[in-house]
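Participant: Pasting a predicted model and its sequence here:
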Amino acid sequence: MAKYPFPSKRAAIYRDVPDEQWYNWRWQLSHRLNTAEEIGQVIPLTESERKALNAPNLFRVDITPYFISLIDPQDPDDPIRKQVIPTAAEMVPFTAMMEDSLAEDRHSPVPGLVHRYPDRVLMLVTTQCASYCRYCTRSRIVGDPSATFSRSEFEMQLEYIRHTPQVRDVLLSGGDPLVLAPKILEEILSRLREIEHIEIVRIGTRVPVFLPMRVTDELCDMLQKYHPLWMNIHVNTPNEITKELEEACDKLTRAGIPLGNQAVLLAGVNDNVDVQRQLVHDLVRIRVRPYYLYQCDLVEGAGHFRTPVGKGIEIMEGLRGHTSGYAVHQYIIDAPGGGGKIPVMPNYLLSYSDHKVVLRNYEGYITTYEEPVDYLPEKAAKFKGLKRPEPGQSGVHGLLQGEEMFIKPEGFDEVHDRQGIQHRLKDEKKWQPLGIGSGSSETHES
């Protein structure tokens, strides 16, 4: 038992599974549950769950034995259960529902590559996951084996990155990169590291949460060859933070990989400030920095998970100042239509003038900060490196730097040009005020 230093929580059906199998990630993947009959052997299903599991064309269901064992079988509102077992609510459409709510396809120069931001790209390397979240943003492609990216598309992705020198940061996602065969994952990392202008590589994964057995010493040894490498995991509730996840995160951090967490705000799962505070405390305890708390996207099938934005603001109000700053994530709305990630937070800046700023803290304490009277913007530090910003990096920053006077949406001038008859004052050659110049009292043509 030295190899397995703590007992893993297991559903009754798995109690006789040998440790050598239970702790083998390939065994876990090959024994995932996906039908009403299989899942019903582990937990008693509700009528709504059974209806959804038997519905045609539903987003793919797969749950690892490890992860389903974390569900309280007697609690129909168990927060882990809601994330991976579908209900009939998943089949109910809602206002503003979108197939591709983040317009990723529109920002894809080649298949599987999303270039939304100027200096970084999202590289979709697989459509498969260890288990499938019921609110998945990419449910239009994720889980579909026929949508798997081909070798030729992989080469197209690399070619685009190679010929786009402003890209310095590549995020590997999908699907989940850590379900790839080890040799394929290493090939992707090594090929990216051959590109001189790629500074960092990031991996977005839920495998340590769904399948912590996958984080082996061999995997960590391979990953640390390709530093600087960063990783964001995806934990939504304290119930998911087990000894197994803690051990997996410990291995990754010891391999020099900084860990962050991206959570999604989900109705009935973690839409409670006390749950969120416990979550961030448990994350930092296992050396995972809370990074983003996402508002649930307008994705098909996820309407019942959505909360008002005000709930997210309330949660942030209950975190900032009430716990350590490094334990407070950013609350993010990923703008529908492809606008990118927009941080939203309570307003701590109450007012300001040309010499004083008025602020409040989390307790309602109001204070002022005196602005310097001798600060000279023209004396600001000069950047002596490469010319910045790169194309596409200006935005509001360009206005603040004085390079532009305004930002116009595409087609703005065309929309506001009415092509009407111009007022006679526009052309002074054709018109002069009465009594000036000509001495005439007749009405002049416009």
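Facilitator: It's in. Because the structure is predicted, anything quoted here is derived from the model rather than measured.
Participant: which outside residues touch the worst-scoring helix or strand of the chain on mean pLDDT?
Facilitator: Lowest mean confidence among the helices and strands of the chain (mean pLDDT, DSSP states H and E): helix 395-400, at a mean of 74. Applying Cβ atoms under 8 Å, 6 or more residues apart in numbering, the contact partners of helix 395-400 are 389, 404-407. Every residue, glycine included, has its C-beta placed from N, CA and C.
Participant: How far away from the center of its chain is it?
Facilitator: 24 Å (Cα atoms, centre = their mean, to the nearest Å).
Participant: Name the next helix or strand downstream of that helix, please.
Facilitator: helix 412-416 (DSSP states H and E).
Participant: Pull out the CA atoms of that next one and give them to me as PDB.
Facilitator: The C-alpha coordinates for helix 412-416 follow below in PDB (Å, rounded to 0.1, in the frame of the first residue of the first chain):
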ATOM      1  CA  PHE A 412     -20.000  53.800 -38.200                       C
ATOM      2  CA  ASP A 413     -19.400  56.600 -40.700                       C
ATOM      3  CA  GLU A 414     -21.600  54.800 -43.300                       C
ATOM      4  CA  VAL A 415     -24.500  54.400 -40.800                       C
ATOM      5  CA  HIS A 416     -24.300  58.100 -39.700                       C
END
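Participant: and it, how far out from the chain's middle?
Facilitator: Distance, centroid of helix 412-416 to centroid of chain: 34 Å (Cα atoms, centre = their mean).
Participant: Next: stretch 334-342.
Facilitator: The answer for stretch 334-342 is 10 Å, by Cα atoms, centre = their mean.
Participant: ok, and for that stretch, which residues are buried?
Facilitator: Judged by neighbour count using 16 or more other Cβ atoms under 10 Å, the buried positions of stretch 334-342 are 334, 338.
Participant: Same question for stretch 218-236.
Facilitator: So, applying 16+ other Cβ under 10 Å, buried residues of stretch 218-236: 219-220, 222-223, 226, 229-236.
Participant: first to last residue in that stretch, what's the distance?
Facilitator: Stretch 218-236 has an end-to-end distance of 27 Å (Cα to Cα, to the nearest Å).
Participant: quick check: mean pLDDT across it?
Facilitator: Averaging pLDDT along stretch 218-236 gives 98.
Participant: for the record, mean pLDDT for stretch 244-264?
Facilitator: On average, stretch 244-264 scores 98.
Participant: Show me which residues of that stretch are buried.
Facilitator: With the criterion 16+ other Cβ under 10 Å, stretch 244-264 contains buried residues 244-249, 251-253, 255, 257, 259-264.
Participant: among these, which are in strands?
Facilitator: Taking DSSP state E as the definition of strands, those contribute 259-264.
Participant: From those, pick the one nearest Lys384.
Facilitator: Gly260 (31.1 Å; Cβ to Cβ).
Participant: so what's the closest one bridging to?
Facilitator: Applying DSSP bridges to Gly260 gives these bridge partners: Asn232, Arg289.
Participant: wait, it sits on Arg289?
Facilitator: Yes - at 4.9 Å, Gly260 and Arg289 qualify as touching, with contact defined as Cβ atoms under 8 Å.
Participant: Does Ile85 touch Val61 like I think?
Facilitator: Yes - counting by Cβ under 8 Å, Val61 is a contact partner of Ile85 at 7.5 Å.
Participant: overlap in contacts of these two?
Facilitator: Joint contacts of Ile85 and Val61 (Cβ under 8 Å, 6+ apart) are 39, 53.
Participant: Compare those two (neighbour count), which wins?
Facilitator: Ile85 (25 against 21; other Cβ atoms under 10 Å).
Participant: Skip the chain neighbours and tell me the closest residue to the more buried one.
Facilitator: Take Ile85 and drop its neighbours on the chain: the residue closest to it by Cβ to Cβ, 6 or more residues apart in numbering is Glu49, 5.5 Å away.
Participant: can you give me the strands in the stretch 101-250 of the chain?
Facilitator: For the stretch 101-250 of the chain, strands defined by DSSP state E, counting those that start in this stretch occupy the ranges 113-117, 120-124, 169-173, 200-204, 229-233.
Participant: mean pLDDT for the ones you listed: which is lowest?
Facilitator: Among these, strand 113-117 carries the lowest mean pLDDT (a mean of 89).
Participant: orientation of that strand relative to strand 169-173 in degrees?
Facilitator: Angle between the axes of strand 113-117 and strand 169-173 is 130 degrees (criterion: axes from the mean of the first three to the mean of the last three Cα atoms, to 10 degrees).
Participant: I appreciate the help and will end here.
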